[in-house]
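[1] sequence plus the predicted model coming up.
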Amino acid sequence: MNFRLFRIMVAYALFSVPEIAIWVGLLIFLYDRGGASAAGLIGGLSLVPAILISPLVSTFGDRMPRGQAIFIGCGHGASLLGRGLGLGGRCPDLRRCAGL
């Protein structure tokens, strides 16, 4: 058994399961609030920035050392998580909570 490959597969599973759970939770919340059209519209619109930005950002990611790219990505994710935990799940004004 290749233990390095096994560790990578376990790490991917630990990443992908919460990622999918967040998407499912978001879509259920949107479906509850506005029906199928709201869930489809917001779910699709939330992917548009990634579609537009990823080709540009990927070139910068390819030019920097892998460790630095991972550090920046994880730091960004940790800052978003910290912001969410600081709110305690409550956000009276979505624009203010998103930092806009």
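    Perfect, thanks for sending it.

[2] look at the residue positioned nearest the centre of the chain and report its pLDDT.
    With distances taken as Cα atoms, centre = their mean, the residue of the chain nearest its centroid is residue 19 (6.9 Å). Here the pLDDT value assigned to residue 19 is 82.

[3] how about low-confidence regions in the chain?
    Along the chain, the model assigns pLDDT under 70 to residues 83-100.

[4] so where do the helices sit in it?
    Ranges of helices in the chain, per DSSP state H, are 3-45, 48-63, 66-87, 94-97.

[5] now do the third one against helix 48-63, angle only.
    To tie it back to what came earlier, the one meant is helix 66-87. 140 degrees (axes from the mean of the first three to the mean of the last three Cα atoms, to 10 degrees).

[6] list the buried residues in helix 66-87.
    Within helix 66-87, the residues scored as buried using 16 or more other Cβ atoms under 10 Å are residue 69. For the C-beta atoms, the positions are set from N, CA and C on the backbone; glycine is no exception.

[7] tell me which other helices or strands that helix touches.
    Using 3 or more Cβ pairs under 8 Å, 6 or more residues apart in numbering; DSSP states H and E as the contact test, no helix or strand touches helix 66-87.

[8] please begin residue numbering at 239 from this point
    Got it, first residue is 239 now, which makes that one helix 304-325.

[9] only alpha carbons, please: show it as PDB.
    Output in PDB follows, covering the C-alpha atoms of helix 304-325 (Å, rounded to 0.1, in the frame of the first residue of the first chain):
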ATOM      1  CA  ARG A 304       4.000  26.200  -4.500                       C
ATOM      2  CA  GLY A 305       4.400  26.600  -0.800                       C
ATOM      3  CA  GLN A 306       3.800  30.400  -1.100                       C
ATOM      4  CA  ALA A 307       0.700  29.900  -3.200                       C
ATOM      5  CA  ILE A 308      -0.700  27.400  -0.700                       C
ATOM      6  CA  PHE A 309       0.100  29.700   2.200                       C
ATOM      7  CA  ILE A 310      -1.700  32.600   0.600                       C
ATOM      8  CA  GLY A 311      -4.800  30.400  -0.300                       C
ATOM      9  CA  CYS A 312      -5.000  28.900   3.200                       C
ATOM     10  CA  GLY A 313      -4.400  32.400   4.800                       C
ATOM     11  CA  HIS A 314      -7.300  33.800   2.800                       C
ATOM     12  CA  GLY A 315      -9.600  30.900   3.800                       C
ATOM     13  CA  ALA A 316      -8.600  31.200   7.500                       C
ATOM     14  CA  SER A 317      -9.300  34.900   7.400                       C
ATOM     15  CA  LEU A 318     -12.800  34.300   6.000                       C
ATOM     16  CA  LEU A 319     -13.400  31.600   8.600                       C
ATOM     17  CA  GLY A 320     -12.200  33.900  11.400                       C
ATOM     18  CA  ARG A 321     -14.600  36.600  10.100                       C
ATOM     19  CA  GLY A 322     -17.500  34.200  10.000                       C
ATOM     20  CA  LEU A 323     -16.700  32.900  13.500                       C
ATOM     21  CA  GLY A 324     -16.400  36.400  14.800                       C
ATOM     22  CA  LEU A 325     -19.900  37.100  13.700                       C
END
